[in-house]
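[1] Dropping a prediction and its sequence here:
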Amino acid sequence: MPDIVPTRSAFLELRDERGGMREGYRFLDEKRLVLAGEIVERLDAYAAAKKDFERLQKEAVQALRTAVEQHGLAELTFYPAQHPINAKVRTDSRNILGVMATSAELSTGRTETEPAVFASPPADACRQCFQ
């Protein structure tokens, strides 16, 4: 650091610089709080989606057990799957104080179903759960 001559103008210059540093610190602190809030919101959404997924997974496993008990695994493997028509991934990007936050959502639209040879309510319920 160069030697600073202790003059009134040097004092005023350093005071202005210190004020700018404080203002920058306050801005960064506000930005940190906004980003932390966004992270907490996204973590809450993730936790809710994970809980919903786990519930649906349990339902699907139970439906699979029921269908396998009625049809057997060999017969159930020939049960046709439903194929989504016009499935699309929609992305959304937001700029949060200079940080890009992107989210994605899958929409499957309607489905196309081939007729089943061994049709039954348990097999249909199993297919619906896994879809």
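    Cool, the structure landed.
[2] check which helix or strand covers residue 55.
    In this structure, residue 55 sits in helix 8-71 according to DSSP states H and E.
[3] oh sorry, the question was meant for residue 95
    Applying DSSP H and E as the criterion places residue 95 in strand 88-96.
[4] Which strands or helices does that strand pack on?
    Contacts defined by 3 or more C-beta pairs under 8 Å, 6 or more residues apart in numbering; DSSP states H and E place strand 88-96 against helix 8-71, strand 99-107. The C-beta positions use only the backbone N, C-alpha and C, and glycine is treated the same way.
[5] If we use 6 Å, what do you get?
    Packed against strand 88-96 by the contact rule (3 or more C-beta pairs under 6 Å, 6 or more residues apart in numbering; DSSP states H and E) you find strand 99-107.
[6] for the record, mean pLDDT for the strand it packs on?
    Mean pLDDT, strand 99-107: 84.
[7] how about residue 89, what does it touch?
    104, 106 (C-beta atoms under 6 Å, 6 or more residues apart in numbering).
[8] Which pLDDT value goes with it?
    Per-residue pLDDT puts residue 89 at 88.
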